[in-house]
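Trainee: Below: sequence and its predicted model.
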Amino acid sequence: MTAERTSLVYVTYIRATPEKVFDAITRPEISRRYWGHENVSDWKPGSKWAHVRANESREVNLVGKVIEVSPPNRLVVSWTNASQEADPESYSRVTFDVVEYDDMVRLTVTHDDLIAGSGMATGVSKGWPIVLSSLKSLMETGQGIDIFAKPKSA
């Protein structure tokens, strides 16, 4: 029996050019500044990509393939935990749509084909909001936020 699938959609507006936002997603030296990970690939359809922790461990957390790339407006990748790379059922899909709006862009991130109720669905539902907030902060102020921050105790 096939597991039920779900989708998550996040939209943010960023004072930046489409080129700068697209580069922030695809260039490891930029993604490490707001995501704490480097997105590593040659960004050609069919190529592998990896989400590599930007610390001394260099742990590969996520992997997938580039499905579609149309700089600076669209990137589609498959997405799974590195530990589940061999399981085709574990893969979901992430689409980054970057649309120019005067002196800013609207970035829409659609994470779909997620297994409903899975650890991945739970994790990305918490992760995307802070990652996108950090991206926005980096683009607009030159500094990302701490995406690994934890709530202070009451």
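Mentor: Alright, I've got the coordinates. Small disclaimer: the values here were computed from a predicted structure and weren't measured.
Trainee: At which residues are the strands of the protein located?
Mentor: Counting by DSSP state E, the segments of the chain that form strands are 5-14, 37-40, 48-53, 60-70, 74-81, 92-101, 104-115.
Trainee: so how far is the shortest one off the chain centroid?
Mentor: I take that to be strand 37-40. For strand 37-40, the separation from the chain centroid amounts to 10 Å (computed by CA atoms, centre = their mean, to the nearest Å).
Trainee: what mean pLDDT does that strand have?
Mentor: Averaged across strand 37-40, the pLDDT comes to 96.
Trainee: Just the CA atoms of it, as CSV, please.
Mentor: Extracted C-alpha coordinates of strand 37-40, given in CSV (Å, rounded to 0.1, in the frame of the first residue of the first chain):
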residue,chain,number,x,y,z
HIS,A,37,24.9,23.6,5.0
GLU,A,38,26.3,23.8,1.5
ASN,A,39,24.2,22.8,-1.4
VAL,A,40,26.6,21.1,-3.7
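Trainee: residues making contact with that strand?
Mentor: For strand 37-40, the surrounding residues in contact (CB atoms under 8 Å, 6 or more residues apart in numbering) are 25-29, 31-32, 49-54, 61. The way it works is simple: take the backbone N, C-alpha and C, and place the C-beta from them, glycine included.
Trainee: What of the fifth one?
Mentor: Defining contact as CB under 8 Å, 6+ apart, one finds that strand 74-81 is touched by 22, 25-26, 43, 49, 61-69, 87, 90-98, 111, 120.
Trainee: Pull out the buried residues from those.
Mentor: Members of the contacts of strand 74-81 that pass the buried threshold by neighbour count (16 or more other CB atoms under 10 Å) are listed as 22, 25-26, 43, 49, 62-66, 69, 90-98, 111, 120.
Trainee: before we move on, back to that, export the strands of the chain as CSV, with columns for distance to Lys136.
Mentor: As requested, the strands of the chain are exported to CSV (distance: least, CB to CB, whole Å):
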stretch, distance to Lys136
strand 5-14, 5
strand 37-40, 17
strand 48-53, 19
strand 60-70, 21
strand 74-81, 17
strand 92-101, 13
strand 104-115, 8
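Trainee: between those strands, which gets nearest to Ile130?
Mentor: Between Ile130 and the strands of the chain, the tightest spacing by CB to CB is seen for strand 5-14, at 10.7 Å.
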